[in-house]
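S.K.: Give me a 3D structure for the following:
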Amino acid sequence: MSVDAVLIAGPTASGKSGVALALAQAIGGTIINTDSMQVYAEARILTARPAAEDERRAPHLLYGHKSVRDRYSAGQYREDAAAALKAVRASGRTPIFVGGTGMYFTVLSDGIAEIPVVPPPTRRRTEELRRTWGAEKFHAELRKRDPETAARLRPSDTQRNLRAFEVYEATGEPLSFWQKRMGAPVLKDMKVARFVIAPDRAELHRRIAARFDRMVAEGGLEEAAALRFLDPSLPAAKILGLRELAAVHAGTLTLQEATGRAQAATRQYAKRQTTWFRQRMRDWTWMEMPDAGAIAARVGA
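M.R.: Model (predicted):
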């Protein structure tokens, strides 16, 4: 093998998971999740996590290892990815990082600020302050502590406001201070092959529609029902399709309406992903269609 690791990025429903599986089987690889939603255990269907059969065909790491009630962050992903990388290399297999979260690929290739862990009591106290004060006052209080970060955030951006506030409360320094202290990338000094799977828009939209229909058929509606009371400030509350399918259970949308809205939201998300990739990954190898054989040839398998 001529590379130490393979990175495969792509928008949702682009076929990247399938090509990663085929590549893993071809080169003796282990797949490591690089998607911020596929870490959640209770949402296998809605996050399109690899099926149990796929996980038997090749080792998979960092899938479904967190609860939807956890506030999983890019900093925690860095620690988990570094540990997974070490384990895979020790096993003699090739690590294949695959997913659609641009920030996670930044963690792997460029590094991320090393922000101290926020103690759970501080996190709970911060959440209680926001509930008591409301969004506007909470944002105003954040502005007193961290004006640089507050200037970039809307009061309605619950998750990021909470994060900035709790970091200040825990460390006495603003989040903007910590973000300027970059840690080493996970893949530092490694030879890495980088690919982006980017189908044309019509094909991607077809894939998005077909995959959502399949999710519903496989139990996505029931999965959404189990998660419908999830705290909206949690990262997992942003799982695509969750809000729309939960509305079916609430009786405010028909299944047909929910499907149309969820597919539209997924198309918009895929567009944002692609924009990120084009801005940050211009020097990666771009492929319109997933082709494990072509990737294997490029990495010297």
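S.K.: For the residue most central in space within the chain, which non-adjacent residue is spatially closest?
M.R.: Here the mean C-alpha position of the chain is nearest to the C-alpha of S36 (CA atoms, centre = their mean), at a distance of 1.9 Å. Using CB to CB, 6 or more residues apart in numbering and skipping residues adjacent in sequence, the residue nearest S36 is T101, 4.3 Å away. Heads up, the C-betas are built off the backbone N, CA and C, glycines and all.
S.K.: Look at that neighbour and say how many residues are nearby.
M.R.: 20 (other CB atoms under 10 Å).
S.K.: Same check on G183?
M.R.: By other CB under 10 Å, neighbour count at G183 equals 14.
S.K.: Relative to A265, how far out is the closest residue to A198 other than its chain neighbours?
M.R.: Distances taken as CB to CB, 6+ apart put W286 closest to A198, at 5.8 Å, once the chain neighbours are dropped. Distance of W286 to A265, computed by CB to CB, to the nearest Å: 25 Å.
S.K.: Would you map out the domains in the chain?
M.R.: Partitioning the chain according to automatic domain parsing yields domains covering residues 5-112+183-298, 120-179.
S.K.: Kindly reformat those domains as a markdown table containing mean pLDDT.
M.R.: Conversion of these to a markdown table gives the following (pLDDT from 0 to 100):
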| stretch | mean pLDDT |
| --- | --- |
| domain 5-112+183-298 | 95 |
| domain 120-179 | 93 |
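S.K.: which one of those domains is the most hemmed in?
M.R.: With neighbours taken as mean count of other CB atoms under 10 Å, the domains of the chain reach their highest mean count in domain 5-112+183-298, at a mean of 19.
S.K.: which residues touch the nearest residue to R93 once chain neighbours are set aside?
M.R.: If the residues on either side of it in the chain are set aside, R93 comes closest to T30, at 4.6 Å by CB to CB, 6+ apart. Contacts here follow CB atoms under 8 Å, 6 or more residues apart in numbering; on that basis T30 touches 24, 58-61, 88, 91, 93-96.
S.K.: ditto for L255
M.R.: Taking CB under 8 Å, 6+ apart as the criterion, L255 is in contact with 216, 221, 248.
S.K.: can we see that at 7 Å?
M.R.: L255 makes contacts with V248, as judged by CB atoms under 7 Å, 6 or more residues apart in numbering.
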